[in-house]
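Q: When you get a sec, could you give me coordinates for this:
(one chain, ligands or ions: 1)
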Amino acid sequence: KKEYDYLIVGSGLFGAVFAYEMTSIGKKCLVIDKRNHTGGNIHCRQVEGINVHAYGAHIFHTEDIEIWNYVNNLVPFNNYVNSPLASYHGELYNLPFNMNTFYRLWGTSTPDQARAKILEQTAQFAAIRPSNLEEQAIKLVGTEIYEKFIRHYTSKQWGRPPCELPASIIRRIPVRFTFNNNYFNDRYQGIPIGGYNVMTEKMLKGIEVRINTDFFRDRPYFESIAEKTVFSGRLDEYFGYCFGDLEYRSLRFETESLNMDDFQGNAVVNFTDQKTPYTRIYEHKHFEFGTQPTTVITREYPMASARTAEPYYPINDVKNMQILDRYKALKEREQNVIFGGRLAEYRYYDMHQVIASALHTAKKEFRLLSVNKSIHP
Ligand code: FDA
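A: Sure, this is the predicted structure:
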C-alpha cells in the first residue's frame, strides 16, 4: 500500500474541499501547491489589518442552500452585497443597469419611461441577427448604454473591440426596472468573516500540506506516493502541451496602501471609458465593512496570457475548444487520476460551482470506495 490515498495537486477550493471530504472518512491526503500559500485564487494577503484579495475581487453568491450552509458551517459569512459603480469619464452610475442608472442617464423616473427610452434606441435593430458583440449589445440595450458602459470596458477586457468579438460572449444583458443596485440575483451572498483564508485553513487543518511544491518538479516521485492523484492544475501542462496551449486572458494587479480611511466609498468601481487603462479599482476594506484608519486599493489591468502569466479567464473560442477536446480524450485514458477545478477543466467556475463540483467528485469516490469494500472486504 502506498503512503497516501490521495495526492492532491492544488490547494484552491477544488483541492481543499476534496481533501477535507476525503479526510473526514479517514483517507490520508497530501496536498501540494506550487505557490507560497494555500487557497488558490481566493487567497487574501493581510495588509495593515485589511484582507487584500490577491487574485481579484471575490464575492461569494449562490442560490443553493446546501452550498451556503456548507461554507457557513466552516466560517460564518457577513451580509456584504455587491453594488458596483461604473465611472465613465468621472461620472458615476449604478450597476447593474437599473432604474438608478436610467435616472442618472436620462432623468427617467418611472419604469415605463425607462423602457420607452431603451426601446427608442433598440427598435431599429430588433430584426437584425447580430454577427458580433457590438450588434448584440446594441440590440439588447441600445446605443447609449453600449457606448458608455460596454464598448470600451469590453475592449479592455478582451484586448479587441466588440465588433471583432463573437456575439455569443453576451447572450443577455441583465436590465432591471426597479431601483435595486444588488449586482447578483442569487438568494445568498457575502464574504467570510475574517476573510477567505479562514475558510481554506479550516478545511486543510490537520492535513499534510506542502507549499512551494510544484508537481512537475518531481512528477515521478509524486506519482509514486499515492494511490490516486487529484489534479487541479493546468490541463495542457499535465500533458506537456502536446496539442498546444489552451489560451487564457490574464490580469495584472497594482496594489497600493493609502494614508486615508476611505478612497472611493465602495468596494468595486468599474472604469468604462477608453482613457482609463484599468478596468476596475477594488477597495478591499469595504468587503468586510472595515474601520481601519488606512485603506488598500487594487487597480486591475487585463492583459494577454503567456505560459509565464497567471491564467485567469479561459478563451472559449472554437480554436481552444477543439484543442480542449483533444486533451479531454487523453484525460479519459489516464488511470487513477481525477481532474477537477477551473484549470484542469478549462472552464470558468464561480466559487459555489467549484465547491459543488468537488463535493460531487468526492461523493463519486465515496461510492467507488464502498463498492470496492464490498468486493474486497
Ligand atoms: P485555483 O486556481 O484557485 O486553485 C488551483 C491551485 O493549483 C492553485 O493554488 C495553483 O497554484 C495550484 N497549482 C497549479 N498547478 C500546480 C502544480 N503544477 N503543482 C502544484 N500546484 C499547482 N468566483 C465567485 O464566486 N465570485 C467572485 O467574485 C469571483 N471573482 C473572480 C475574480 C477573478 C479575477 C477570477 C479569475 C475568478 C473569480 N472567481 C469568482 C472564480 C474563483 O476564483 C474560482 O471559482 C476558484 O478560485 C477556483 O478554484 P480552483 O481550485 O478550481 O482553482
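
Q: if you go through the stretch 51-200 of the chain in chain order, where are the strands?
A: 60-62, 85-88, 91-94, 188-190 (DSSP state E, counting those that start in this stretch).

Q: what about the second one, average pLDDT?
A: This predicted structure assigns strand 85-88 an average pLDDT of 98.

Q: The closest residue to residue 97 other than its chain neighbours and residue 144, how far apart?
A: Among residues not flanking residue 97 along the chain, residue 175 sits closest, at 4.9 Å (Cβ to Cβ, 6 or more residues apart in numbering). Just so you know, the C-beta spots here come from the backbone N, C-alpha and C atoms, and that holds for glycine as well. Going from residue 175 to residue 144 by Cβ to Cβ, to the nearest Å gives 13 Å.

Q: Which one of the two is surrounded by more residues?
A: More crowded of residue 175 and residue 144, by other Cβ atoms under 10 Å: residue 175, with 18 against 15.

Q: For residue 158, give me its contacts.
A: For residue 158, the contacting residues are 165, 169, 249, 302, by Cβ atoms under 8 Å, 6 or more residues apart in numbering.

Q: The second one and residue 133 touch, don't they?
A: So that's residue 169. Yes - between residue 169 and residue 133 there is a contact at 5.4 Å, judged by Cβ atoms under 8 Å.

Q: Common neighbours of these two, please.
A: Residues touching both residue 169 and residue 133 by Cβ under 8 Å, 6+ apart: residue 154.

Q: can you redo the strands of the stretch 51-200 of the chain as a markdown table with mean neighbour count and distance to residue 46?
A: Formatted as a markdown table, these follow (neighbours: other Cβ atoms under 10 Å; distance: least, Cβ to Cβ, whole Å):
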| stretch | mean neighbour count | distance to residue 46 |
| --- | --- | --- |
| strand 60-62 | 22 | 19 |
| strand 85-88 | 19 | 26 |
| strand 91-94 | 16 | 30 |
| strand 188-190 | 19 | 20 |
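
Q: So for residue 228, which of those sits nearest?
A: Comparing the strands of the stretch 51-200 of the chain against residue 228 with Cβ to Cβ, the closest turns out to be strand 60-62 (28.6 Å).

Q: how distant is the closest one from the center of its chain?
A: Remark: strand 60-62 is offset 11 Å from the chain centroid, using Cα atoms, centre = their mean, to the nearest Å.

Q: Count the neighbours of residue 157 for me.
A: Close neighbours of residue 157, defined as other Cβ under 10 Å, add up to 18.

Q: Any idea what the closest residue to it other than its chain neighbours is bridged to?
A: Counting by Cβ to Cβ, 6+ apart, residue 157 lies nearest to residue 302, which is 5.2 Å off, once chain neighbours are set aside. Taking DSSP bridges as the rule, residue 302 bridges to residue 251.

Q: what about residue 302, distance to residue 278?
A: Distance from residue 302 to residue 278, counting by Cβ to Cβ: 8 Å.

Q: neighbour-wise, which of these two wins?
A: Using other Cβ under 10 Å as the criterion, residue 302 and residue 278 rank with residue 302 on top: 21 against 17.

Q: and the more buried one, what pLDDT?
A: With respect to pLDDT, residue 302 scores 94.

Q: Would you mind confirming that it is in contact with residue 159?
A: Yes - applying Cβ under 8 Å, one finds residue 302 in contact with residue 159, separated by 6.8 Å.

Q: so what's in contact with these two at the same time?
A: Taking Cβ under 8 Å, 6+ apart as the criterion, residue 302 and residue 159 both touch residue 249.

Q: State the phi and psi torsions of the residue of the stretch 101-250 of the chain found nearest the ligand.
A: At 2.7 Å from the ligand, residue 233 is the closest residue in the stretch 101-250 of the chain, using Cβ to the nearest ligand atom. Main-chain torsions, residue 233, degrees, to the nearest 10: phi -90, psi -160.

Q: Likewise for residue 275?
A: Backbone geometry at residue 275, expressed as degrees, to the nearest 10, gives phi -80, psi -20.

Q: Spatially nearest residue to it, not counting backbone neighbours?
A: Once flanking residues are discounted, residue 275 sits nearest to residue 89: 7.2 Å by Cβ to Cβ, 6+ apart.

Q: Let me know how buried that neighbour is, in neighbour terms.
A: Residue 89, neighbours per other Cβ under 10 Å, totals 11.

Q: And residue 45, by the same measure?
A: Number of residues near residue 45 (other Cβ under 10 Å) recorded here: 16.

Q: Torsion angles phi and psi at it?
A: Main-chain dihedrals, residue 45, degrees, to the nearest 10: phi -100, psi 140.

Q: Done for today, thanks.
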